[in-house]
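In: Based on what follows, work out the 3D shape:
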Amino acid sequence: MCTSATHGASEERELLPTNVSPIHYALLLAPDLESLTYTGEVSIKVRINEATSDIVLHSNELDIKSASVVSTAFQSQEPVAASSITLKKEEETVNLAFAQALPKGDEATLNIKFSGVLNDLMVGFYRSKYTDAEGNSKSMATTQFEPTDARRAFPCWDEPMQKATFDVTLRVKESLTALSNMDVARTTSSGDGLKDVVFNTTPIMSTYLLAFIVGELDYIEGTTSGKHNGRPITCRVYTAPGNSEKGRFALNVAVQVLEYFADVFGIAYPLPKLDQIAINDFESGAMENWGLITYREVALLVDEANSSSRSKQYVAEVVSHELAHQWFGNLVTMEWWSELWLNEGFATWVGTLAVDHLFPEYHIWTQFLVDDLQRALSLDALRSSHPIQVPVRRSADISQIFDAISYSKGASAIRMLSSYIGLDNFFKGIRAYLQKHKYANASTNDLWNALSEASGVNVTQFMALWTRKIGYPIITVSELEGGSQIKVHQGRYLSSGNVTDAEDQTEWWVPLGIDTAESNGQRPIDVLTTREAVFDVPVSNSKWYKLNRGTVGIYRVKYPASAVAKLAQGIADGELSINDRIGVITDAASLATSGHSNTSDYLTLLRAYGNETEFVVWQDIALRIDALKAVWANETDEIKSKIHALSRSLFSPLVQRLGWEASADGSEDSLTSRLRALAIRAAGFDGDAEVIAEARHRFAEFFNGNKDVFNTDTLRAAFGVTIYNGGRAEFDKVKSYFLDQANPVDQRLAALTSLGFATDPELIRELLEFAMSEHVRNQDVHQAISAIPTTGPGRDILWEWYQNNYSLLVGRYRASMSYMGALVRISTGGFIGYDKADEVEKFLAARDTAKFQRVVDQSLEKIRSNTAWFNKDRED
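Out: Now for the predicted structure:
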């Protein structure tokens, strides 16, 4: 490995030596789905940039059988075998030494034979189990290479900048289907019941985007209109046998979004086909392999009659996100992983745009405020957060930044910028950026330069602050005498509230978006670029005023008490937009947490939302009330009963208004259905006797065969309420529902999560044992345990389980240690008390947590921050 300083940035990267670089790979793989092994041969055409007798490339857990090189510079044109083959496990490299040096400027061909195991780690070239129509357990072979696991499948230069073209051949049984990024060029018999499936040459691309899959597969097919791509493109959804029709919704989304992106990006989709495939064992949500996108089942398959409306929307979001990557990430690739947000932040933003284009009834941009913006603000309020552009030195660090900062804060920054310069200018810049850097690599600065040129605004000057600096500001407003001006002051916001001077050095560029009751959103955007400034606002002559119009900016706002009272009245009178209502309530809740105001101030403000009808507003209120209940979970029963009563006063009227049944005329939209389920869940968990009784009655009817008593959204709410207020009988019934593979995968996973609401310690321990059994896939363990911290006795039992099973978990997830981070976040997420933080810290300090240390730090900080909130507002 060599250490490289990059582009004048204060960042060092551990990269392969640059003396040799790949041009083209010819790869042959022969997987055996019975022995769960494979053999391979790769011929790599390379360019010799510096004279060398050593070639170093990546290899991880491969058995290198032989290596040789052919060069026109050698007297003999015969292959010259490597004089030594040295594997370095820690560096994940293989060093091939040759007796004769390869001269600078030469183009040589490197030939390597190797073998490997189809592992069960959900990375590299691995196996995924499924059950066929006869109930037999079978395996398919599939891949997951991002960020650094192509090296687990074949020796290669496994870095984003090392782009090359690929010829892939898969030698498989005649009866099996073989897929890769490109379409099939030809299929030939190779004897012994095997065939060679030869795929056409790929465009120049990074190794992490390569993919190949072998198995028994069904598919459905559709074709794009060709209006914006210049030609029809064949799109397929592949599944294990018998499930293909569940891919119909995702297929229809893909056919439309592929044309939409070709239009807005101004570049046709460059591959001849687009395949999407549901993989049973899959660690992440989906992977954007160029032309062959892989998904978890729940992210691709929809049972139109039985899947929840939220699950259907989720599929639309994930498909749109992955298709955005076909341009933003695949056609133009980040130069290094420190630029990950270029891929993920943009795909999140433009994927949301595509969903809004196809399904305006989802009101997806309003949901974005809770699902993405608030998620990002929550994580970025921690000291242990990181900038959007985060230095990445070594490959072991990469997985830790696939988080809400890279995805959700990155998307929120793009939303803020595009709102300021306008969508037309924004896409003008995006088209120029893609055109200039297609089939190559690019950096954040390249994007800013293109947007600056398109908009006439120096985007780099102010956006660099948002991507290179950690955190975001709180804007504190004070009203000046005379009633015609306000003074705004910016300082860094932390959820702990104890910002030091050293941490408060950044002066962000902040689009204030000042609005009043009378301006109707027409006021030009004022921008704060200094620590504080004064702006003209008719305070005395306005019914109310508000900053951050549309909740577009990445910041919190603290108003004087009088301004909050006016906003509350405006909300009660229905004068603020839904996005602004969300902005006011989320800021108020966060300021209570950090000590900038009191929790009682937030609870008082909730009164203004008594007539609220929108799901997304109630969704955030429910999340905040749940957080309040979690932090006050160790209080006396009297105090906790008052919090439950408060929650009932909010959500029980919603259940009474909406009832349990959808409107008979079929006019109800999905968000109303989700609001009903949210209200039932909240009221039932907070002790509403009528809701609990009705949930139990319908639960019994459901398991007696009357499936119509629940719609697709109320089913999961009722499962949770009934288990929380029930015992062994209810637990066993929901467990049986999960185990029945005939049920939709999203509802089965909801049932698995619902089991965690049990309050009986015996049932909790039984669930934890079940979570580690063969009945729960490795990728779904977090689903089984995620609800446990919400119950009183569950927290300590879960933490005890994590400690006792730590070594077993590390062995299971050793190739994807970010999952260990997810498990530690869940296992400690319900704790309050500095003593508990110290206990967790002591346990983890004695173990190697380097690959998920960022999550450990965030979890500890969250416990201590919540403890400070509790101590501050306990009497209040």
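In: okay, CA-based contacts and neighbour counts for the rest of this
Out: Will do.
In: Which element, helix or strand, includes residue 622?
Out: Using DSSP states H and E, residue 622 maps to helix 615-631.
In: quick one: buried residues of that helix?
Out: Using 16 or more other C-alpha atoms under 10 Å as the test for burial, helix 615-631 gives 615-622, 624-631.
In: After that helix, which helix or strand is next? Please name it.
Out: helix 637-658.
In: Return the list of helices and strands in contact with that following helix.
Out: Counting by 3 or more C-alpha pairs under 8 Å, 6 or more residues apart in numbering; DSSP states H and E, the packing neighbours recorded for helix 637-658 are helix 615-631, helix 670-685.
In: Break down the stretch 701-850 of the chain into its helices, ranges please.
Out: 714-724, 728-739, 745-754, 761-771, 781-785, 794-804, 806-812, 818-828, 834-845 (DSSP state H, counting those that start in this stretch).
In: pLDDT averaged over the shortest one - what is it?
Out: When the per-residue pLDDT values of helix 781-785 are averaged, the result is 97.
In: related to what we said a few turns ago, format the helices of the stretch 701-850 of the chain as CSV; extra columns: distance to residue 438 and mean neighbour count.
Out: Below are these laid out as CSV (distance: least, C-alpha to C-alpha, whole Å; neighbours: other C-alpha atoms under 10 Å):
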stretch, distance to residue 438, mean neighbour count
helix 714-724, 45, 25
helix 728-739, 46, 18
helix 745-754, 37, 24
helix 761-771, 45, 16
helix 781-785, 38, 21
helix 794-804, 46, 18
helix 806-812, 39, 14
helix 818-828, 31, 22
helix 834-845, 44, 14
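In: Of those helices, which is nearest residue 243?
Out: Among the helices of the stretch 701-850 of the chain, helix 745-754 comes nearest to residue 243, with 11.1 Å by C-alpha to C-alpha.
In: what's the average pLDDT for the closest one?
Out: Mean predicted confidence for helix 745-754 is 96.
In: Measure how it sits relative to helix 714-724, angle-wise.
Out: 20 degrees (axes from the mean of the first three to the mean of the last three C-alpha atoms, to 10 degrees).
In: doesn't residue 515 make contact with residue 546?
Out: Yes. Counting by C-alpha atoms under 8 Å, residue 546 touches residue 515, with 5.2 Å between them.
In: Next up, identify which helix or strand residue 507 is on.
Out: Per DSSP H and E: residue 507 is located in neither a helix nor a strand.
In: Could you check the pLDDT of it?
Out: 96.
In: Tell me how many other residues surround it.
Out: 17 (other C-alpha atoms under 10 Å).
In: Any idea what residue 28 is bridged to?
Out: Beta bridges link residue 28 to residue 41, residue 169, judged by DSSP bridges.
In: Can you tell me how far it is from residue 407?
Out: The gap separating residue 28 from residue 407 is 35 Å, by C-alpha to C-alpha, to the nearest Å.
In: What of residue 607?
Out: 34 Å.
In: more crowded one of those two?
Out: With neighbours defined as other C-alpha under 10 Å, residue 607 and residue 407 compare such that residue 407 has more, 24 against 14.
In: so who does that one touch?
Out: Applying C-alpha atoms under 8 Å, 6 or more residues apart in numbering to residue 407 gives the contacts 341, 344-346, 348.
In: just residue 515 next, same as before
Out: By C-alpha under 8 Å, 6+ apart, the contact set of residue 515 is 521-523, 545-549.
In: picking up where we left off before, quick one: which of the helices of the stretch 701-850 of the chain is nearest residue 384?
Out: That would be helix 818-828 among the helices of the stretch 701-850 of the chain, by C-alpha to C-alpha, at 13.6 Å.
In: how about the nearest residue to residue 314, chain neighbours excluded?
Out: residue 299 (6.7 Å; C-alpha to C-alpha, 6 or more residues apart in numbering).
In: So, low pLDDT: which residues of this protein?
Out: Along the chain, segments meeting pLDDT under 70 span 1-11.
In: ok so residue 24 is a strand residue?
Out: Yes. Counting by DSSP: H, G, I helix; E, B strand; the rest coil, residue 24 is found in a strand.
In: so it sits right up against residue 47, yeah?
Out: No. At 9.8 Å, residue 24 does not count as touching residue 47 under the criterion of C-alpha under 8 Å.
In: quick revisit: now distance to residue 729 too, for the contacts of residue 407, in TSV please.
Out: Compiled in TSV, the contacts of residue 407 are given as follows (distance: C-alpha to C-alpha, whole Å):
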residue	distance to residue 729
341	47
344	44
345	45
346	47
348	42
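In: Go through those residues and flag which are in helices.
Out: 341, 344-346, 348 (DSSP state H).
In: what's the closest of the helices of the stretch 701-850 of the chain to residue 555?
Out: helix 818-828 (24.9 Å).
In: Any idea how far apart the tips of stretch 406-415 sit?
Out: 14 Å.
In: Which residue ranges of the stretch 351-500 of the chain form strands?
Out: For the stretch 351-500 of the chain, applying DSSP state E, counting those that start in this stretch gives strands covering 440-442, 473-479, 485-492.
In: tell me which element the nearest residue to residue 262 once chain neighbours are set aside falls in.
Out: Spatially, and ignoring its direct neighbours in sequence, residue 262 is nearest to residue 268 (4.9 Å; C-alpha to C-alpha, 6+ apart). Assigned by DSSP H and E, residue 268 falls within no helix or strand.
In: residue contacts, residue 268?
Out: Contacts of residue 268 (C-alpha under 8 Å, 6+ apart): 228-230, 262.
In: Kindly provide the distance from it to residue 209.
Out: With distances taken as C-alpha to C-alpha, residue 268 is found 19 Å from residue 209.
In: ditto for residue 437
Out: Going from residue 437 to residue 209 by C-alpha to C-alpha gives 17 Å.
In: More neighbours: which of these two?
Out: Neighbour totals were compared for residue 437 and residue 209, and residue 209 leads with 24 against 16 (other C-alpha under 10 Å).
In: who touches that one in this structure?
Out: Residue 209 neighbours (C-alpha under 8 Å, 6+ apart): 145-146, 288-290, 330.
In: Return the entry from the residues you listed with the maximum number of neighbours.
Out: Neighbour max across the contacts of residue 209 (other C-alpha under 10 Å) = residue 290, 31 neighbours.
In: and that residue, what element?
Out: Here residue 290 is assigned to no helix or strand, by DSSP H and E.
In: close enough to count as contact, it and residue 181?
Out: Yes. Using C-alpha under 8 Å, residue 290 makes contact with residue 181 at a distance of 5.8 Å.
In: Between those two, which contacts overlap?
Out: residue 210.
In: hmm, back to that, filter the contacts of residue 268 down to just the ones in strands.
Out: Applying DSSP state E to the contacts of residue 268, no entry is found in strands.
In: Surely residue 493 and residue 473 touch.
Out: Yes. With contacts counted by C-alpha under 8 Å, residue 493 reaches residue 473, the gap being 5.1 Å.
In: circling back to that earlier point, of the contacts of residue 515, keep whichever come out buried.
Out: Listed as buried from these are 545-549; burial here means 16+ other C-alpha under 10 Å.
In: nearest to residue 822, of these?
Out: Using C-alpha to C-alpha, the buried ones among the contacts of residue 515 come closest to residue 822 at residue 548, 32.5 Å.
In: Next one: residue 813 from residue 123, what distance?
Out: Separation of residue 813 from residue 123 (C-alpha to C-alpha): 10 Å.
In: With residue 823 instead?
Out: Computed as C-alpha to C-alpha, the residue 823 to residue 123 distance reads 18 Å.
In: thought the residue nearest to residue 314 was touching residue 320?
Out: No. Judged on C-alpha under 8 Å, residue 299 makes no contact with residue 320 at a distance of 11.2 Å.
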